Structures are given as structure tokens and as C-alpha cells.
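Undergrad: fold the stuff below for me.
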Amino acid sequence: MVTGVIEKLVSRISFLFRDQRTAKSFLDTRRLTRAGKRNVQLICDTGLIIASFLLAVILRDEGLSLLSNPWVWGAFLPTIPVILGIFNILGLYRAVLRYITGAVMPIIILGVAAGAMTMIGLSIALGVQIPVGLVLIHAMLVLLSVSGMRFWIRAHIRKPSLQDRKPVVVYGAGHAGQQLVAALNLGMEYRAVAFVDDDLRLHGSTINGVPVHPASDLRTITARWGIREILLAIPSLNRRRRSRVVSRLETLGVEVKTIPAMGDLVSGQARFTDLRPIMPEDLLGRDPVPPKPELMKQNITGKVVLVTGAGGTIGSELCRLIVAHKPAALILLDVSEYALYSITTELRDSLDTKSTHIVPVMGSIQNPGRMREIMHQFKIQTIFHAAAYKHVLLVEENLIEGVHNNIFGTKVVAEAAAECGVENFTLVSTDKTVRPTNIMGATKRIAELICQALAQTQDTCTFSIVRFGNVLGSSGSVIPRFRAQIEHGGPVTVTHPDVTRYFMTISEAAQLVIQAGAMARGGDVFVLDMGQPVRILDLAKSMIRLHGMVPYLQSEASQTDAETGDIAIQIIGLGHGEKLHEELLIAGNPQPTAHPRILTASEFSMSPAKLEALLNEIWAACKAFDAGAVQEILLHAPVLYHPKTREIHDIMWQSKAKQSSKAHLQLVASNQ
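TA: So this is what the prediction gives:
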């Protein structure tokens with residue numbers, strides 16, 4: 001309260017410097033050293049203490065006779081070094097005036113109190129009659145003048161930059177919102193003009209000088225202040241309620257930013273001022289079910305764990321979770337040098353990895369000797385097999401390599417695990433294995449069949465499969481692509497108006513993969529509960545609105561839409577092998593497990609002998625680089641592969657076909 005009174009007081013007396021150039025030159029101490037600035041403050045405070053004493057005498061109407069008494073000065077003057085000494089010891093002169101806050105008031109009060117007690121003590125010792133009322137008036141004047149001078153200087157130093165700060169609305173007037181506004185007041189970018197909160201008890205009140213409004217006033221506030229950004233300051237809000245709040249804000253045509261999650265704030269990994277735009281990841285993902293500690297630890301704690309594809313989206317998140325559960329060693333395998341370097345550096349820099357041996361290994365899962373050597377050398381006990389080519393269009397255009405990696409790479413790693421005494425093997429699979437319309441889905445379904453067949457022929461290693469859909473923010477997913485398109489001004493490209501996809505956060509998916517692997521008994525197919533599918537067109541519109549812009553459909557846009565909209569949405573058609581809707585189950589008979597979001601399915605499996613015959617056919621076709629034969633084998637394999645067309649999109653195959661056609665035409669022409 002004292003700080004508020006002082007700030008109002010100094011704002012009233014700012015007329016003393018009507019000439020802005022005079023004020024700026026008076027306040028421009030940039031050429032001074034730190035010691036020089038401290039000396040200026042000491043001189044100013046000394047003058048204010050003396051002036052306050054003279055003013056106190058006049059206000060008390062004591063007369064000049066009091067000032068003519070040398071013993072009075074003998075009682076007063078020693079208070080000056082006492083006050084200044086307390087200020088110095090407690091750090092008042094170390095405070096930067098540009099960022100000074102009410103936190104300095106206790107220091108000034110202590111210094112003033114020490115000075116008052118010194119004056120009273122010396123007046124008694126010297127036998128001088130200095131009225132206690134005079135001492136109290138002097139103390140109050142010193143408090144007001146010393147603190148007031150500092151707040152006045154701060155206001156004039158910051159005044160030009162404060163005028164340029166963006167006006168923002170803070171949604172959430174709780175503890176987090178209040179801390180955010182206090183932090184913004186110290187910065188130069190934002191100026192909070194209003195709080196918005198759903199708590200009826202706060203409406204009409206003022207917090208930190210900022211009025212609190214109901215959400216119904218948002219449109220009026222944004223219009224009045226020209227608001228372009230709203231800051232969401234409710235870190236503990238669950239995703240469902242957060243989604244409702246953001247849906248309300250989307251219609252205002254402003255950009256919505258948020259403070260970090262409560263967990264990051266409590267752990268110290270983030271600050272209130274670390275604002276970032278609201279992402280679809282914040283809204284689409286569900287509130288995760290807390291993991292079961294016994295399942296998380298079962299195949300990890302104290303064991304040697306291998307993660308293939310450790311540098312990928314799921315692989316790297318698996319590594320982070322595994323390290324947190326104290327394995328004896330974590331072996332990171334990846335064919336990409338940069339991806340392997342990135343995750344290794346991140347894990348080794350983590351404080352939680354001091355007791356865990358982190359081993360980065362470069363290599364391809366298609367190399368049988370390398371895989372057996374790794375498993376023998378490090379005595380691997382648990383494997384999470386996340387290495388695969390997963391991008392549908394790329395695998396369509398690189399068919400042979402996709403088959404080599406996804407089918408025979410999995411076969412190499414799984415067989416090496418069975419031979420080398422690995423205890424648990426978990427295959428990270430995909431929803432695209434269900435009635436696949438693309439090569440990637442078909443190859444991953446055969447990878448599932450390989451694990452199921454190995455589970456039938458041996459009992460030393462427990463094989464399991466975990467199947468789920470898209471993860472939010474993964475490399476190549478629609479969300480990073482949409483974000484980049486919006487930042488470049490559009491258009492945002494959507495394959496089909498009705499296309500839907502399942503989404504899950506990366507952290508939730510990785511947690512469920514680990515827990516599913518711990519529940520395996522051999523040959524299990526686990527399916528993760530992905531929630532409700534998301535319409536991609538709605539996702540694109542929401543992302544555009546969250547960036548403070550207006551979307552419009554380019555194919556249906558009128559002249560008015562194009563003029564009033566900001567970002568166009570372009571429908572480009574489904575790509576090669578893409579489905580309109582993805583599925584998670586083949587047989588449709590899922591059974592519950594010990595975890596509410598993990599189901600188990602009874603899926604078709606092949607006998608080892610029949611599977612081996614199928615793999616031999618595929619291998620022979622790949623060796624001959626006969627993409628047509630590979631596709632024909634997959635069409636007749638029991639994986640329910642049904643592409644929309646029989647056209648082969650492999651780039652090398654098409655190039656070869658064009659050359660053959662060109663040579664044939666040339667031969668025909670020469671014969672004529």
C-alpha cells in the first residue's frame with residue numbers, strides 16, 4: 001500500500017521536469033560506472049535527509065531557534081551515516097533503478113527507523129529537547145522522499161519504452177496470473193490492461209492495478225484496447241477445460257499464448273514469462289492417466305535396455321522415460337548420426353543420468369552380425385524396437401527399401417533377440433497395419449506377424465506388439481507442416497475435407513508402450529485407446545485462428561471471403577496409399593487389461609513355416625528389384641492389403657519403366 005501511495009505521489013510531482021530534454025539529461029547516467037551511480041545516489045539521499053529535517057522543523061513550527069542550537073545538529077547529523085549505512089548494507093545501492101520494485105521498501109523503512117532511534121538516543125544523551133513528533137515527521141519525510149525519488153526516476157527512465165508495450169489481456173486472475181502481471185511490469189514487451197476470470201467473486205475487483213472482468217467482456221475489451229494477444233495463465237487447467245476456454249478465444253481473432261505447465265514451473269524448468277503460442281498439442285491430447293510405477297519399472301529398472309530408432313520421435317521419448325527409471329545401461333541404436341548425437345547429448349546432460357551408462361551405437365537394423373554383436377556384447381535384457389520407415393508417401397516411393405527395413409530389419413532384430421537371451425521384446429507398431437492401403441502399413445503388419453511367429457517357436461524371449469495412431473508433433477505429422485505453412489502466409493494444405501486421424505501426445509504414447517510391454521505374456525497385440533478421431537480440416541482452422549488469423553476455404557472462397565480471410569485452406573486430395581479414416585483393430589474384439597487405456601486384441605497370426613515361405617518370396621523379389629512382384633506378393637499375403645490402385649509409385653521402378661518404354665519406342669521406330 002505504501003508503494004502505491006508513493007507511486008501516485010511521484011506521478012503528481014512529475015511536473016517539476018516539464019522539459020523532457022531536461023528530465024532525460026538529468027536521468028541519463030549511462031556514462032557513469034556502477035560506483036559512480038552509487039555515489040550519485042548517496043549524495044542525493046544525503047541532501048534528501050537534510051532537506052527532510054529542515055522541512056520537518058518548518059511543519060512542526062518549532063522556529064529557527066531550534067536550528068541555531070549546535071547540540072541539535074549534534075544529535076541529527078550522526079543519523080545521516082546511520083541511515084546511509086543501513087541502506088548500503090542491505091543492498092539499496094545495488095538495486096538497478098530501471099527495475100526497482102516495492103521490495104526495496106523494507107530496506108528504506110529499516111534505515112529510516114534506525115536513523116530515528118539514533119536521533120532520539122543522541123538527544124537524550126546530549127540533553128537536547130528534540131520533540132518526538134519532529135523525529136517521526138522527519139522519518140516519514142525521508143521515507144517518502146528517498147523511495148519516491150527512486151520510483152520517479154524509474155518511471156521516467158522507462159516511460160518511452162512503456163508507451164510502446166503491447167496491450168494484452170491475461171486470462172486467469174489467480175496466483176499464476178498475478179505473478180505473470182508482476183513479471184510483465186518489469187519487462188518492456190507487454191502491458192496487462194485487464195484480467196479475465198470465470199470466478200464471479202473477482203469480477204469488478206482490481207489486482208495489481210489491473211481490473212478483473214468476466215469472459216463475456218472479452219470482445220469489448222479487445223475492441224477497446226486493440227488487443228492482438230491474450231495470455232492464458234491457468235497452468236493447472238486440465239486439457240478439456242483448456243480446450244473450452246481456447247475455443248471461446250478463437251472467435252476473437254487474436255493470438256493466444258500460454259505460460260508453461262505447472263509441472264515445468266514447479267521443477268524450475270520454466271518461468272512464468274516463458275510465453276509460447278497455444279499449440280494443438282495442448283488441446284487435442286487428453287489428460288494422461290498416471291502411469292503405474294510397477295509396470296514402468298518392471299522391464300527397465302536395473303536392466304540393460306536397447307532402443308532401436310532411438311533418435312526418432314517415439315524412440316527418443318522412450319529413452320527419456322527409461323532413463324528416469326534407472327536402468328543399469330541404456331543402449332541407443334540409430335542409423336542417423338545427427339539423431340543419435342542429439343538424443344545422446346540430451347540424456348548425458350540430464351542430471352538423472354549420472355547412475356545410468358548411456359551407450360550410443362550407430363548401425364542399421366538390417367545388419368545381422370551387428371545386431372548379434374550388440375546383444376552379446378552388452379547382454380541386452382529388454383528391447384523396444386521403434387526403428388522403422390513410417391512416412392506413407394516416402395515408403396510408397398521407396399518401396400524396396402521400405403520392405404527391407406520394416407520387414408527384414410524387424411526380422412533381424414527379433415531373431416537376434418531370441419538367439420541372444422533377451423528377456424522382453426516390444427515392437428512399436430501403427431494403426432496403418434489395419435486393413436492397409438499402403439506399403440508402409442503392409443510391411444508393419446508383416447513385422448507384427450514375425451513377432452507373433454517367434455512367440456510360437458520359443459519361450460526365452462517375451463514378444464509383444466503395441467499398436468497406436470499418430471503422435472502430436474512427430475516429424476512429418478500434419479501439425480508441424482500446418483504451422484510452417486501458416487508462418488509462411490499459407491495456403492494450408494488438407495488432403496480431404498472429411499479426413500480424420502487419431503492423435504496422442506508423445507509422452508502418453510511412450511508411457512503406454514512401456515507399460516504394455518510389461519504386461520506381455522508372449523505374442524500379445526496391444527492397442528492403445530486413442531480417444532476420438534480428429535477431423536483434420538477442423539484442426540487446420542483451429543491452428544489458423546490460434547495464430548490470430550481468419551481461415552477460408554480456397555476452393556469455395558468468394559471474393560468477399562478472400563478479402564476478409566487471412567489464410568487459405570487448400571484441399572489437395574489424398575496422397576498415394578492414404579486412407580480417409582484410420583482404424584486400430586482388425587478383428588474388433590478388444591479386451592481390457594490392467595491399464596484403462598491399454599487393450600489387448602486377438603489378431604490373426606501365421607504359422608512359422610508359412611511365414612518363412614512368404615518372407616522368402618518377398619526377399620527374392622526384393623533381390624531382383626522387382627517392385628511389381630513385391631506388390632503382387634503383398635496383395636496375396638494374409639495382411640488384408642488393398643491399395644486404391646495397382647499403380648507402383650516407387651521412384652526407381654518408374655524411372656526404369658520409363659527408360660524401358662523409351663528404348664522400346666526407339667526400337668520400333670528403327671524397325672520402321
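Undergrad: going forward, measure contacts and count neighbours with C-alpha atoms only.
TA: Noted.
Undergrad: low-confidence bits of the stretch 51-200 of the chain, can you list those?
TA: 62-64, 98-99, 157-164 (pLDDT under 70).
Undergrad: next up, the contacts around residue 75.
TA: Residues counted as contacts of residue 75 (Cα atoms under 8 Å, 6 or more residues apart in numbering) are 119-120, 122-123, 126, 128.
Undergrad: got CSV for these, with secondary structure too?
TA: As requested, these are exported to CSV (DSSP: H, G, I helix; E, B strand; the rest coil):
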residue, secondary structure
119, helix
120, helix
122, helix
123, helix
126, helix
128, coil
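Undergrad: how far does whichever strand or helix holds residue 464 sit from its chain's centre?
TA: Using DSSP states H and E, residue 464 sits in strand 462-467. In terms of Cα atoms, centre = their mean, to the nearest Å, the centre of strand 462-467 is found 30 Å from the chain centre.
Undergrad: what packs against it?
TA: Judged by 3 or more Cα pairs under 8 Å, 6 or more residues apart in numbering; DSSP states H and E, strand 462-467 is in contact with strand 424-428, helix 439-457, helix 506-519, strand 524-528.
Undergrad: packing partners of the last one?
TA: Same thing as strand 524-528. So strand 524-528, by 3+ Cα pairs under 8 Å, 6+ apart, packs with strand 462-467, helix 506-519, strand 598-601.
Undergrad: so which of the ones you listed gets nearest residue 305?
TA: helix 506-519 (11.6 Å; Cα to Cα).
Undergrad: quick one: which of the helices and strands packed on strand 462-467 is nearest residue 169?
TA: helix 506-519 (31.0 Å).
Undergrad: so for that closest one, mean pLDDT?
TA: Averaging pLDDT along helix 506-519 gives 92.
Undergrad: what does it rub up against?
TA: With Cα under 8 Å, 6+ apart as the test, helix 506-519 has contacts from 288, 291-292, 295-296, 298-299, 313-314, 317-318, 321, 424-426, 428, 464-466, 468, 471-474, 526, 528, 597-598.
Undergrad: which of these count as buried?
TA: 288, 295-296, 298-299, 313-314, 317-318, 321, 424-426, 428, 464-466, 468, 471-473, 526, 528, 597-598 (16 or more other Cα atoms under 10 Å).
Undergrad: that older thread, tell me which of the helices and strands packed on strand 524-528 is the most buried.
TA: For the helices and strands packed on strand 524-528, average neighbour numbers computed from mean count of other Cα atoms under 10 Å are highest in strand 462-467, which has a mean of 27.
Undergrad: for that one, C-alpha coordinates in PDB please.
TA: Provided in PDB are the C-alpha atoms of strand 462-467 (Å, rounded to 0.1, in the frame of the first residue of the first chain):
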ATOM      1  CA  THR A 462       8.600 -62.500 -24.500                       C
ATOM      2  CA  PHE A 463       7.500 -60.800 -27.700                       C
ATOM      3  CA  SER A 464       4.700 -58.200 -27.800                       C
ATOM      4  CA  ILE A 465       3.300 -55.600 -30.200                       C
ATOM      5  CA  VAL A 466       1.900 -52.200 -29.300                       C
ATOM      6  CA  ARG A 467      -0.300 -50.500 -32.000                       C
END
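Undergrad: and the helix or strand just after it, what's its mean pLDDT?
TA: The first helix or strand that comes after strand 462-467 along the chain, using DSSP H and E, is strand 470-471. Averaged over strand 470-471, pLDDT sits at 82.
Undergrad: one more: stretch 218-227?
TA: pLDDT averaged over stretch 218-227 gives 89.
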